[in-house]
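>>> Generate coordinates for the sequence data below:
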Amino acid sequence: MTEERCAWCGTHPLYVAYHDHEWGVPEWDSRALWEKLVLDGFQAGLAWITILRKREAFRAAFAGFDPAVVATWGEPEVQRLLADPGIVRHRGKIEATIGNAKAYLRIEERGSFSDFLWQHVGGHPVQNRFTGGDIPTETPEARAMSKALKAEGFKFCGPTIVYAFMQATGMVNDHVVTCHVHDRVAALG
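Now for the predicted structure:
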């Protein structure tokens, strides 16, 4: 008997592993959340598999997603990244990442980036019980988080990107109820 999964993950081994072990698992670490938000921003207009395939190259190119390092970068680093075939070479997204690192650090000066994000779901994962086609692409919570991020200076964080981020980081459990991962992820919340 095959385990049932969310339809979006298909059968590609990289997608299946990501779906089964990462997607929807609550993430509380501020730096890990920032990395995922950056990667979701780079994914805009592309398939997520493209980002998964390049994730290690992104980590290498962006100093392990250390916001304190990335925030110091300027045009020389932008040029280096634009020449890096291992990542998505998009000037706007690269420059946004540098600006987002600065915004992240400003938030961290006042408190936790994790708390800043998780407040939009009351500090606990939202446990949805979707059956398939009823999964939204954005929600009022995603719109509020997007607005708050933009007010802090973040870019590439519209409501659709933010909702995908919320799904991936377990702020919402959007595994369909028939998915073998749904209950395991729900128990983590």
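>>> does Ala186 sit in a helix or strand, and which one?
Element membership of Ala186 [criterion: DSSP states H and E] is helix 182-188.
>>> Going by neighbour count, list what's buried in that helix.
Residues of helix 182-188 classed as buried: 182, 185-186 (neighbour count, 16 or more other CB atoms under 10 Å). In short, each C-beta sits where N, CA and C put it, glycine included.
>>> In a markdown table: those residues, plus distance to Phe165.
Shown next, in a markdown table, are the buried residues of helix 182-188 (distance: CB to CB, whole Å):
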| residue | distance to Phe165 |
| --- | --- |
| His182 | 19 |
| Val185 | 16 |
| Ala186 | 19 |
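>>> Tell me the one of those nearest Arg53?
Of all these, Val185 has the smallest distance to Arg53: 23.8 Å, by CB to CB.
>>> Tell me which residues touch the closest one, please.
Contacts for Val185 (CB atoms under 8 Å, 6 or more residues apart in numbering) come out as 24-26, 125, 170, 173, 175.
>>> So Met166 is in contact with Pro125, correct?
No. When contacts are counted by CB atoms under 8 Å, Met166 is not listed as touching Pro125 (9.2 Å).
>>> residues shared between the contacts of those two?
Val172.
>>> So which of the two has more stuff around it?
Taking other CB atoms under 10 Å, Met166 and Pro125 do not tie; Met166 has more neighbours (25 against 21).
>>> ok, and the closest non-adjacent residue to the more buried one?
Val172 (5.0 Å; CB to CB, 6 or more residues apart in numbering).
>>> Output the below-cut-off pLDDT ranges for the chain.
1 (pLDDT under 70).
>>> got the buried residues for the lengthiest helix in it?
Ordering each helix of the chain by length in residues (DSSP state H) puts helix 91-110 first. Under the neighbour-count criterion of 16+ other CB under 10 Å, helix 91-110 has 93-104, 107-108 buried.
>>> Give me the contact list for it.
Here helix 91-110 has contacts from 30, 34, 37-38, 41-42, 44, 62, 67-71, 73-74, 77-78, 81-82, 113, 116, 149, 152-157, using CB under 8 Å, 6+ apart.
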